[in-house]
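In: sequence and predicted structure are below.
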Amino acid sequence: MSAGTTPLLVVEGLDAAYGRARVLFDVSLEIAAGEVVALMGRNGAGKSTTLKAVLGLVPAKARRLTFLDRSIAGLAPHRIARLGLGWVPEERRIFTELTVAENLEVGRRPAPDGRAPWTPERLFALFPNLAEMRGRRADAMSGGEQQMLAIARTLMGNPSLVLLDEPSEGLAPVIVEQMADAVRAMKQEGIAVLLSEQTAAFAAAVSDRAYGLARGEIRASGTLDAVSAALAV
Ligand SMILES: Nc1ncnc2c1ncn2[C@@H]1O[C@H](COP(=O)(O)OP(=O)(O)OP(=O)(O)O)[C@@H](O)[C@H]1O
């Protein structure tokens with residue numbers, strides 16, 4: 001993080017477990033306003049668990065867990081979301097029997113900090129392919145289109161930080177390119193993004209810097225190149 005920037009999210013000494021299996025060990029990271037940061041790691045490294053632990057969705061303990069200088073440890077997930085922390089899970093969780101426009105309405109929340117709230121029209125300008133299918137049911141969309149919709153719906157909640165779990169996974173190259181455009185557009189709008197990724201190509205195309213996770217521990221941080229090199233060892 002560059003000097004003088006206020007951290008949005010501070011995670012210090014985060015441990016998490018599923019039952020008796022410990023999965024995260026002393027994970028620390030920080031995200032500043034407007035930054036795009038990649039959380040790199042192989043399958044099973046603990047990326048999804050890190051995001052879920054921040055959101056209070058898995059049992060976890062941290063020395064410090066703050067969002068906008070406020071402790072979010074132990075807060076209910078919906079209250080964390082209302083503070084402006086958005087999440088796009090790996091499995092997307094859109095309502096398949098609702099249309100694009102209806103899915104966006106379901107995600108609508110007031111902007112917490114007086115910013116101009118997202119509207120479907122603003123989002124359709126950002127995601128032109130969604131504009132063309134606003135009346136289509138989500139179950140008639142491709143995986144990539146559903147992923148775009150999941151992001152757009154999260155933005156309707158007016159987050160200042162979005163946790164994006166493996167946004168490029170399983171998408172065709174042309175859709176991955178659109179996904180990269182979407183992340184860059186979020187950054188341009190001043191939204192910070194923490195994205196988990198297994199592959200360096202997508203992360204390198206959109207991220208300012210990275211953390212490298214292996215077996216539940218942060219092994220490296222810094223540039224994408226440095227983190228990719230450290231993880232390959
Ligand atoms: N619900 C669960 N119950 C038990 N163990 C789990 C559960 N979810 C994940 N794990 C285990 O926790 C470890 C970290 O998983 P996690 O999903 O966080 O990894 P990841 O880096 O996000 O990888 P992936 O690319 O598979 O999502 C793995 O060993 C996984 O098997």
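Out: Yep, it's here.

In: mind listing the strands for the protein?
Out: Secondary structure of the chain by DSSP state E: the strands cover 7-18, 21-32, 36-40, 60-61, 64-67, 70-71, 85-88, 161-165, 192-197, 209-214, 217-222.

In: show me the contacts for residue 199.
Out: Counting by Cβ atoms under 8 Å, 6 or more residues apart in numbering, residue 199 touches residue 168. (Each C-beta comes from the backbone N, C-alpha and C, glycine too.)

In: and residue 116, how many neighbours?
Out: Neighbour count for residue 116, taken as other Cβ atoms under 10 Å: 9.

In: nope, residue 175 is what I was after
Out: Neighbourhood size, residue 175 [other Cβ under 10 Å]: 18.

In: residues contacting the closest residue to it other than its chain neighbours?
Out: Closest residue to residue 175 apart from its sequence neighbours, by Cβ to Cβ, 6 or more residues apart in numbering: residue 144 at 3.3 Å. By Cβ under 8 Å, 6+ apart, residue 144 lies in contact with 171-172, 175, 178-179.

In: so which residues on this structure come close to the ligand?
Out: Within reach of the ligand by Cβ under 6 Å from any ligand atom, the chain has these residues: 18, 21, 23, 41, 43-49, 198.

In: any of these buried? List them.
Out: 23, 41, 45-49, 198 (16 or more other Cβ atoms under 10 Å).

In: among those residues, which are located in helices?
Out: Secondary structure defined by DSSP state H assigns 47-49 of those to helices.

In: quick check, nearest of those to residue 158?
Out: Set against residue 158, the nearest of these by Cβ to Cβ is residue 48 (23.9 Å).

In: and the closest one, what does it touch?
Out: 89-90, 165-166, 196.

In: now the residues you listed as TSV including pLDDT and neighbour count?
Out: Putting these into TSV (pLDDT from 0 to 100; neighbours: other Cβ atoms under 10 Å) gives the following:
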residue	pLDDT	neighbour count
89	91	17
90	85	17
165	95	22
166	93	23
196	97	25
